[in-house]
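In: After the sequence you'll find the predicted model.
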Amino acid sequence: MLKINWYRRLKRMLDIIFSLCVMLTVFPIAYILFGVLIKCSSRGPVLFKQRRTGLCGREFDCYKFRSMRLNREANEVSARTNDPRITRIGRFLRFSNLDEIPQFWNVLKGDMSVVGPRPHMLKHTEYYSKIIDNYMERHCVQPGITGWAQVQGFHGATQTLEQMEGRVRLDRWYVQNRSLGLDVKIFFKTIHILCIH
């Protein structure tokens with residue numbers, strides 16, 4: 001228990017330091033640059049927020065740069081391949097994962113961590129928790145901007161049940177084996193993937 005508490009405190013301290021650096025340096029520039037492009041591409045706010053499932057099943061507002069035109073399905077249907085709702089700038093933001101920069105605000109607030117299982121929309125949590133064994137185990141830790149499943153190839157939209165089962169299996173492995181060393185490994189592997197993406 002002492003080891004877990006030490007890990008949680010150190011991880012939270014690193015989350016605060018890193019997310020604060022991003023919010024004070026990268027975010028303002030990204031908000032101005034992408035904000036203009038998003039506004040020029042379609043009407044609506046620069047940021048998109050969606051209720052997602054966090055630690056212990058608690059709900060929170062997850063922020064992203066808006067990549068879609070305003071639509072009634074935004075909180076019900078995930079993005080699909082060649083989704084007509086996605087704008088041109090939105091396609092670039094999603095491909096480069098730059099749409100997730102505002103989630104460092106979620107990290108700073110304590111809703112998320114830099115590393116952890118990706119948070120799912122509420123409808124997905126409700127649906128998959130009924131058909132995938134031990135699905136809710138992934139919520140025993142804070143959700144993350146990147147995670148073990150993502151660096152193993154399970155990133156982006158999930159199109160099939162098999163893909164979601166694979167993602168959940170890796171999320172559960174992370175929960176059972178989490179450590180500061182593993183978090184650092186996931187962080188640098190994410191940077192490597194983004195650089196060659």
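Out: Alright, I've got the coordinates. Being a predicted model, the structure only gives us computed values, none of them experimental. Numbering: from 1, shown residues only.
In: Quick check, central residue of this structure?
Out: residue 145 (3.9 Å; C-alpha atoms, centre = their mean).
In: Following the strand or helix carrying that residue in sequence, what is the next regular element?
Out: Element membership for residue 145 (DSSP states H and E) is strand 144-146. Using DSSP H and E, the helix or strand that follows strand 144-146 towards the C-terminus is helix 148-151.
In: returning to what we had before: give the contact list for the residue nearest to the centre of the chain.
Out: Residue 145 sits next to 100, 103-104, 107, 112-115 when contact means C-beta atoms under 8 Å, 6 or more residues apart in numbering. For the C-beta atoms, the positions are set from N, CA and C on the backbone; glycine is no exception.
In: Quick one, which of those are buried?
Out: Listed as buried from the contacts of residue 145 are 100, 103-104, 107, 112-115; burial here means 16 or more other C-beta atoms under 10 Å.
In: Tell me how far the nearest residue to residue 116 once chain neighbours are set aside lies from residue 68.
Out: Distances taken as C-beta to C-beta, 6 or more residues apart in numbering place residue 144 nearest to residue 116, at 2.9 Å, with adjacent residues excluded. Separation of residue 144 from residue 68 (C-beta to C-beta, to the nearest Å): 23 Å.
In: Among the two, which residue is more densely surrounded?
Out: Counted by other C-beta atoms under 10 Å, residue 144 and residue 68 do not tie: residue 144 has more neighbours, with 27 against 21.
In: How far off centre is the lengthiest helix in the chain?
Out: Once the chain is assigned using DSSP state H, the helix that runs over the most residues is helix 2-24. Chain-centre distance of helix 2-24: 17 Å, with C-alpha atoms, centre = their mean, to the nearest Å.
In: pLDDT of that helix, averaged?
Out: Summarised as a single mean, pLDDT over helix 2-24 is 90.
In: got the contact list for it?
Out: Where contact means C-beta under 8 Å, 6+ apart, the residues beyond helix 2-24 that reach it are 101, 104-105, 107-108, 110, 113-115, 178-180, 183.
In: buried set for the helix or strand residue 128 falls within?
Out: Here residue 128, judged by DSSP H and E, is contained in helix 122-131. For helix 122-131, burial by neighbour count (16+ other C-beta under 10 Å) applies to 124-125, 128-129.
In: Could you single out the nearest of the residues you listed to residue 157?
Out: Set against residue 157, the nearest of the buried residues of helix 122-131 by C-beta to C-beta is residue 124 (10.9 Å).
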